[in-house]
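> Need coordinates for the below:
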Amino acid sequence: MAEPVTSVQVPSLTHVTTPHPHISYTINLRGPFRSWTVHKRYSDFDALHKDLTAEMGGAAPAVQLPPKHFSVFGGTTLTDPVKIEERRRGLEAYLRGILYAGDTRWRRSKAWTAFFGISETVAGQDGAGGGAASVSGVAGSVSGLVFTPAAWMTEYQALRALTRDLRAHVTTRDRCSAAGDVQGAQSAAVAGKQGLRALEGRLALLEKGLVASDKQVVAKGELMRRQDLFGALVGEVEGVAKALSSSMMSAGRTLNAHAASLTPQQANERAALLGNPSPTPSRRFGTGGGAQVNLSSMEPQSLLEQQQLMMATQDDALTTLSSIIRRQKEIGTAIGQELDLQNGLLEDVDHEVDRVGARLGNTGKRLDKVVRR
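Next up, the predicted model:
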């Protein structure tokens, strides 16, 4: 199965003059265990759209591909920065529409993997949901990696993103535990532990790359800064590891404490909803119970009616409980979608901050040159 893509951005573009003038779009991709960049021109996007449409039996992606020409009379857009920026945003929305589509066939298609040059030999799971691959797959994908100074920073940013994903797993586990969703909590815990093992392996490689940077052409101040960044990252990973290793019994104790803190009225309402009557003293040493005497003295028809009434009451309670659970599921789904949206916005803000920082750095260098003159 092809390596999944968990995030895609088209942050910038470049005007290319050879072999003939055109615009090359920079596409930043992120997978579960690495980040990489590809460069494509509009004709490549157009070919992707045609291949996807053909492979999906004539169906088109949910987000339309921006047009080649913005004017009905054709013409070039190379000299119009507003139109160029509009096209860049449209291309980014087009790729994200495919990545986050509900139908997973789009991002599993051959046209999609070929467009990004994704290797078919790297194990992984489907698309935008991410997920942890096997530890052997992680080792195979990064074991032979030799970090350059720029590649080290790229890997560092990728590991920071993975750490945030692990914290999201911890949050999901705790939220499911508080809601009584044992299966969801266990799934989140397993996914978090698998991701932690992969993260620890890559963290060791990043440390080796940091030691190797000492022998390369890296300024002393930059090396010290990277050592501080690495130390902070190690601290974050250790904190996530402690959170993941916390026992599920703590969640159970939280639930028990919550149940114990209920008022008598709330406890009665909860018991009526769940169909659990208040505990009654059990019969000991052969002492007969009044309920058994009453049931044994009832006529068969009356006993049948009594049983039917009890079953109807239980059915009503089950229907009420099902509606409550369904509503909680809808609320959880809405919260999850909102969190995904907010995470995407935070990634965009983080990327824009990096871009502005790079531009400010270049501007500072130019000002230094002007001042020296």
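> Which stretches in the stretch 251-373 of the chain count as helices?
Shown for the stretch 251-373 of the chain, the helices assigned by DSSP state H, counting those that start in this stretch span residues 264-274, 290-297, 300-372.
> closest to D181 out of those helices?
helix 300-372 (8.4 Å; C-beta to C-beta). Where C-beta positions appear, they are placed from N, C-alpha and C, glycine not excepted.
> Off-centre distance for the closest one?
Computed by C-alpha atoms, centre = their mean, to the nearest Å, the separation of helix 300-372 from the middle of its chain amounts to 11 Å.
> average pLDDT across that helix?
For helix 300-372, the per-residue pLDDT values average out at 86.
> which other helices and strands contact it?
Judged by 3 or more C-beta pairs under 8 Å, 6 or more residues apart in numbering; DSSP states H and E, helix 300-372 is in contact with strand 7-16, helix 149-178, helix 264-274.
> deepest of these, which one?
helix 149-178 (a mean of 18; mean count of other C-beta atoms under 10 Å).
> Remind me what it packs against, helices and strands.
strand 35-41, helix 182-213, helix 220-245, helix 249-260, helix 300-372.
> Dump these into a markdown table; add mean neighbour count and distance to C176 as well.
Formatted as a markdown table, the helices and strands packed on helix 149-178 follow (neighbours: other C-beta atoms under 10 Å; distance: least, C-beta to C-beta, whole Å):
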| stretch | mean neighbour count | distance to C176 |
| --- | --- | --- |
| strand 35-41 | 15 | 29 |
| helix 182-213 | 17 | 4 |
| helix 220-245 | 14 | 14 |
| helix 249-260 | 11 | 9 |
| helix 300-372 | 11 | 9 |
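> which one of these lies closest to S109?
Nearest of the helices and strands packed on helix 149-178 (C-beta to C-beta): strand 35-41, 16.5 Å.
> quick one: low-confidence parts of the stretch 51-200 of the chain?
Within the stretch 51-200 of the chain, the segments meeting pLDDT under 70 span 69-79, 119-147.
> can you do 50?
72-74, 120-145 (pLDDT under 50).
> Where does I118 sit: helix, strand or coil?
coil (DSSP: H, G, I helix; E, B strand; the rest coil).
> how much space between M56 and W106?
7 Å (C-beta to C-beta, to the nearest Å).
> Comparing these two, which residue is more hemmed in?
Shown here are M56 and W106; by other C-beta atoms under 10 Å, W106 has more neighbours (21 against 15).
> counting contacts, what elements does the helix or strand the more buried one falls within pack onto?
Assigned by DSSP states H and E, W106 falls within helix 105-108. Applying 3+ C-beta pairs under 8 Å, 6+ apart, one finds that helix 105-108 makes contact with helix 81-99.
> Please write out the alpha-carbon positions of the helix it packs on in CSV.
What follows is helix 81-99, C-alpha atoms only, in CSV (Å, rounded to 0.1, in the frame of the first residue of the first chain):
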residue,chain,number,x,y,z
PRO,A,81,0.0,38.7,-9.2
VAL,A,82,-3.6,38.7,-8.1
LYS,A,83,-4.7,36.0,-10.5
ILE,A,84,-1.6,34.0,-9.7
GLU,A,85,-2.3,34.1,-6.0
GLU,A,86,-6.0,33.2,-6.7
ARG,A,87,-4.8,30.2,-8.7
ARG,A,88,-2.4,29.1,-6.0
ARG,A,89,-5.1,29.1,-3.5
GLY,A,90,-7.4,27.2,-5.8
LEU,A,91,-4.8,24.5,-6.5
GLU,A,92,-4.3,24.1,-2.8
ALA,A,93,-8.0,23.8,-2.2
TYR,A,94,-8.2,21.3,-5.0
LEU,A,95,-5.6,19.0,-3.5
ARG,A,96,-7.1,19.3,0.0
GLY,A,97,-10.5,18.5,-1.3
ILE,A,98,-9.1,15.2,-2.6
LEU,A,99,-7.1,14.5,0.6
